[in-house]
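Novice: Need coordinates for the following:
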Amino acid sequence: MFMDGLVRELGSERLAVLLAFASHMDETGSCYPKQEQIADMLGISRTTATSE
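Specialist: Predicted structure coming up:
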């Protein structure tokens with residue numbers, strides 16, 4: 001079970017956003033990607049990236 005059902009609870013769209021954020025993290029765990037960067041990475045609109 002991956003993180004006790006976390007993936008199921010998040011859903012695929014939110015998981016994708018979470019992974020996009022994780023790909024921007026530095027060695028301290030901080031990340032500050034712009035909404036446009038997340039949207040471009042995932043091929044979604046900025047509005048969708050913001051709502052997820």
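
Novice: check contacts around the closest residue to residue 22 other than its chain neighbours.
Specialist: Nearest residue to residue 22, sequence neighbours excluded (Cβ to Cβ, 6 or more residues apart in numbering): residue 31, at 7.6 Å. For glycine as for every other residue, the C-beta is placed from the backbone atoms N, C-alpha and C. The neighbours of residue 31, taking Cβ atoms under 8 Å, 6 or more residues apart in numbering as the test, are 21, 22, 24, 25.

Novice: Next one: the last one relative to residue 45, how far apart?
Specialist: So that's residue 25. Look at residue 25 and residue 45: by Cβ to Cβ, to the nearest Å, they are 24 Å apart.

Novice: again, but for the third one
Specialist: Computed with Cβ to Cβ, the distance linking residue 24 and residue 45 is 19 Å.

Novice: Could I get the phi/psi values of the residue positioned nearest the centre of the chain?
Specialist: Centroid-nearest residue in the chain, with Cα atoms, centre = their mean: residue 17, separated by 1.7 Å. Phi and psi for residue 17, reported as degrees, to the nearest 10, are phi -60, psi -40.

Novice: now residue 28
Specialist: phi -90, psi 0.

Novice: ditto for residue 43
Specialist: Residue 43 adopts backbone torsions of phi 70, psi 40, taken as degrees, to the nearest 10.

Novice: Check residue 11 too.
Specialist: Given degrees, to the nearest 10, the pair of backbone angles that residue 11 has is phi 90, psi 160.

Novice: and it, how many neighbours?
Specialist: By the measure other Cβ atoms under 10 Å, the count of residues near residue 11 is 10.

Novice: roughly how far apart are it and residue 5?
Specialist: Between residue 11 and residue 5 the computed distance is 12 Å (Cβ to Cβ).

Novice: More neighbours: which of residue 24 and residue 45?
Specialist: Neighbour totals were compared for residue 24 and residue 45, and residue 24 leads with 14 against 11 (other Cβ under 10 Å).

Novice: hang on, isn't that one packed against residue 37?
Specialist: Yes - counting by Cβ atoms under 8 Å, residue 37 is a contact partner of residue 24 at 7.4 Å.
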